[in-house]
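1. Please find the sequence and the predicted model below.
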Amino acid sequence: MMMVMQPESLGAGEGPFAGGGGGEYMEQEEDWDRDLLLDPAWEKQQRKTFTAWCNSHLRKAGTQIENIEEDFRNGLKLMLLLEVISGERLPRPDKGKMRFHKIANVNKALDFIASKGVKLVSIGAEEIVDGNLKMTLGMIWTIILRFAIQDISVEETSAKEGLLLWCQRKTAPYRNVNVQNFHTSWKDGLALCALIHRHRPDLIDYAKLRKDDPIGNLNTAFEVAEKYLDIPKMLDAEDIVNTPKPDEKAIMTYVSCFYHAFAGAEQAETAANRICKVLAVNQENEKLMEEYEKLASELLEWIRRTVPWLENRVGEPSMSAMQRKLEDFRDYRRLHKPPRVQEKCQLEINFNTLQTKLRLSHRPAFMPSEGKLVSDIANAWRGLEQVEKGYEDWLLSEIRRLQRLQHLAEKFQQKASLHEAWTRGKEEMLNQRDYESASLQEVRALLRRHEAFESDLAAHQDRVEHIAALAQELNELDYHEAASVNSRCQAICDQWDNLGTLTQKRRDALERMEKLLETIDQLQLEFARRAAPFNNWLDGAVEDLQDVWLVHSVEETQSLLTAHEQFKATLPEADRERGAILGIQGEIQKICQTYGLRPRTTNPYISLSPQDINAKWDMVRKLVPSRDQTLQEELARQQVNERLRRQFAAQANAVGPWIQAKVEEVGRLAAGLAGSLEEQMAGLRQQEQNIINYKSNIDRLEGDHQLLQESLVFDNKHTVYSMEHIRVGWEQLLTSIARTINEVENQVLTRDAKGLSQEQLNEFRASFNHFDRKRNGMMEPDDFRACLISMGYDLGEVEFARIMTMVDPNAAGVVTFQAFIDFMTRETAETDTAEQVVASFKILAGDKNYITPEELRRELPAEQAEYCIRRMVPYKGSGAPAGALDYVAFSSALYGESDL
């Protein structure tokens, strides 16, 4: 009979092995004990583990047990064990050795267990007294569960889950450790070593452990735990390694000892964290105090340095100096004071914040150093602002006093500057001898300009007198820069006298030069009248001889040669005109030499010189033979281009019609394919090979086209076919034959996959061709509807719209032959249904209405299983375990019957 006991305090669904219902753990334990506890390996592991666990507590009372089923029979050591682990006193045991005495003692122990909220199921004192090993081990497991494991909780989990979560978190950083249960996850010993190393890294060198040495790892953990952690050796390494699934109760019992052994260390860590938190608050407060003292000292020192500067009332003699003082004061207001205002505000904020933090943390209030209270700083600040206001008033009064003197000085400087600016360069201008090289018109212009200057000079007389009066007034008012004013005024008066003398001298010289230049003006005018048209003729000749032409034929080149010969016949007459023009310029130079004038290198009526005429004439003579040679070379080039045009046209006029004929032929084949699909494919393949064999003609035509492009020939009157037309037609032909072959291949695949006969395919082709009214391999929606009606479909608008979404998913407005074939095969072939898939899933789920991830991974390939797990929604019905999935909704969604 089963000996299971469950602590009442764990409750339904909260026990260490609780599942979906309140009694699930009990049911699992009962099945386990009935089927597996009698396994000798499990019995051996539990006997040793439970014995060691009991002795670890009985040693505190100075005793131990050797045989777990014999030593607890009289109930005395059992009661002693309960007193040690609970810390409570049990009723006085019976001292007799009779059977009923033993039963009474065992019942006292069982009653105490029951008083702790543990239900005892199917167990009695008689079985313990009789030495029933199965019942004794079950009773000890109940005691372990209640007193060693039940109180373990991590993040509000149950005891077993809490212990497992604790192990997972502690071993998570370690390689080759993946704790998922309390049996197979511990077989290699690495998990136990990781637990020890996590809390006591000084005891185990984890890096030297090997996963392929489980016995060595386990013995290392057992020995270190017994020697340094006072955890007795409760398991045998060989038993754990050689057992396919070690006993879960034994492993949990041993692992719980580690949890309790390391609990004290975690409490110490918590206490250290609390102390660090308190110290951190205190350190932060001290930092705020230091910052307050520092800011207060710096602010008071700045006020101490600033007040003497603001109390200084020593004036400056000049307006500019006082302006600098005012600018300094504005910089103080704009740049230096605002940061200090911010510091003062921040100081008060820090002080209030510090006092609040001290009050909240139950610390005494902060008392700044002497003279650094907030009130002391406020008093010093008020004193600073009073001095600042007095300084500003004094500055404004002093500036107003200097404004009048500044106004007079600026007025003098302004008028003096204007006069000096006007006179600047005037003496140099009057001393110029520019008239010696000027023309008659330029001399006359210089005379008129000089007369205007004389009028301007007379008008400036009043300005000079005003400048002298201002200088006199500044001297009388004792201006601090009077010496510089007097010096400048004297310089202006001296310069004024000199300008009058130079003005008269320049007028005399200009009048003499005017009379002399009138003599040669007529000769220069004659030179200009004849040189201008001759120069235009030369420019036109040079332009024509250097003109870059663009011709495309032999005829255009011959026309250019004829025009050039006509031009060469006019050259002798042009040479005689050139000689007459140069003779006029020679006479002008002779007159200049006779009267001692500078040679006339420029002509006021024309910018052209004799040298320019000679240079252009020489250029014309050099360009004529060059033009002859260039025209001859162009004539030869055009003759070569004409031969290339004719060569390309001859081939293009043959290739173009051939391609056009083939395109039409392939189109007819695609629209009217007859015979079996294999015969159609053979015919199309033969056409494809013929087209490929013709590729050499295209390549030769490409070569001729390349020669034309290299010669920059882009037109050809001998053919209507360009290379681009040929390429497009060729690509269209290749695409058409490939598309037709692919269409037949798809028909073969469709026929073989769907089991269609050749007669059905021919019928589909005949129907499609009949309603393909444009003969372009596609039906429009109205034609497609007529085709379906002719085949016996009774279509409404909704049904036809649904069919169109199937055959034209991209809404292109046409139905291709392949789409038509696919639709017809779907209508005639058998397909899977959602009901068939649901029935298949129900078989995998064992006739349940839900399926678990484990069942999917067990029955399906890994990729398909994970796909189903990601897509299936949780099962919402009753009686299902956690994580159950709804395969009915998933199957419906596969066929568009619901939203996944």
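-> That came through, no problem.
2. And E780, how far from F800?
-> E780 sits 13 Å away from F800, taking CB to CB, to the nearest Å as the criterion. C-beta: built from backbone N, CA, C; applies to glycine.
3. Oh, that last question was meant for I691, not what I typed.
-> The separation that I691 has from F800, given CB to CB, amounts to 40 Å.
4. Give me the more crowded residue out of these two.
-> More neighbours surround I691 than the other of I691 and F800, with 19 against 15 (other CB atoms under 10 Å).
5. just checking, that one touches A738?
-> No - using CB atoms under 8 Å, I691 and A738 do not qualify as a contacting pair, with a distance of 10.0 Å.
6. Quickly list what's touching both of those two.
-> Shared contacts of I691 and A738 (CB atoms under 8 Å, 6 or more residues apart in numbering): none.
7. Do you have the strands of this structure handy? List them.
-> 5-7, 118-120, 778-779, 815-816, 873-874, 885-886 (DSSP state E).
8. closest to H57 out of those strands?
-> strand 118-120 (17.4 Å; CB to CB).
9. Check which helices and strands the closest one sits against.
-> Packed against strand 118-120 by the contact rule (3 or more CB pairs under 8 Å, 6 or more residues apart in numbering; DSSP states H and E) you find strand 5-7, helix 99-115.
10. Adjacent strands (with direction) for that strand?
-> Each strand that strand 118-120 pairs with, and the sense of that pairing, follows from DSSP bridges: strand 5-7 (antiparallel).
11. what is the mean pLDDT for the partner strand?
-> If you average the pLDDT over strand 5-7, you get 39.
12. Neighbours of M252, how many?
-> 25.
13. Surely it touches I149?
-> Yes - between M252 and I149 there is a contact at 6.4 Å, judged by CB under 8 Å.
14. per-residue confidence at the residue nearest to V666 when sequence neighbours are not counted?
-> Once flanking residues are discounted, V666 sits nearest to S736: 4.7 Å by CB to CB, 6 or more residues apart in numbering. According to the per-residue confidence, S736 scores 82 in pLDDT.
15. right, and S736 touches G667 too?
-> Yes - counting by CB under 8 Å, S736 sits close enough to G667 to count as a contact (6.7 Å).
16. what about these two, which has more around it?
-> Neighbours around S736 and G667, counted as other CB under 10 Å, are more numerous at S736. The numbers are 20 against 15.
17. and the closest residue in space to N653 that isn't next to it in sequence, what does it touch?
-> Residue nearest to N653 in three dimensions, not counting chain neighbours: T719, with 5.3 Å by CB to CB, 6+ apart. With CB under 8 Å, 6+ apart as the criterion, the residues that contact T719 are F648, A649, A652, N653, G656.
18. Burial check on the third one, number of neighbours?
-> Neighbour count for A652, taken as other CB under 10 Å: 22.
19. Not counting sequence-adjacent ones, nearest residue to it?
-> Closest residue to A652 apart from its sequence neighbours, by CB to CB, 6+ apart: Y721 at 4.1 Å.
20. ok, now the first one?
-> The shortest distance from F648 to any residue that is not its chain neighbour, by CB to CB, 6+ apart, is 4.4 Å, and that residue is D704.
21. thought that neighbour was touching Q647?
-> Yes - counting by CB under 8 Å, a contact exists between D704 and Q647, whose distance comes to 5.7 Å.
22. quick one: which of these two has more around it?
-> Neighbour comparison, D704 and Q647: the larger count goes to D704, with 18 against 14 (by other CB under 10 Å).
23. Tell me the confidence at the more buried one?
-> What the model reports for D704 is a pLDDT of 84.
24. Now do the contacts for it.
-> Contacts of D704 were listed using CB under 8 Å, 6+ apart, and they are L644, Q647, F648, Q651.
25. The same query, at a cut-off of 7 Å, please.
-> Shown in contact with D704 (CB atoms under 7 Å, 6 or more residues apart in numbering): Q647, F648, Q651.
26. what about the nearest residue to the last one once chain neighbours are set aside, how many neighbours?
-> In other words, Q651. Distance criterion CB to CB, 6+ apart; nearest residue to Q651, sequence neighbours excluded, is L701 at 5.0 Å. Applying other CB under 10 Å, we find 21 residues neighbouring L701.
27. L701 reaches I726, doesn't it?
-> Yes - if you go by CB atoms under 7 Å, L701 and I726 touch, sitting 6.2 Å apart.
28. Distance of the residue most central in space within the chain relative to A862?
-> Within the chain, the residue whose C-alpha comes closest to the C-alpha centroid is R870; the distance, by CA atoms, centre = their mean, is 29.4 Å. Counting by CB to CB, the separation of R870 from A862 is 13 Å.
29. The residue sitting furthest away from the middle of the chain and Q441, how far apart?
-> Note on the chain: the largest C-alpha distance from the chain mean falls to T594, namely 88.2 Å (CA atoms, centre = their mean). T594 is 22 Å from Q441, where distance means CB to CB.
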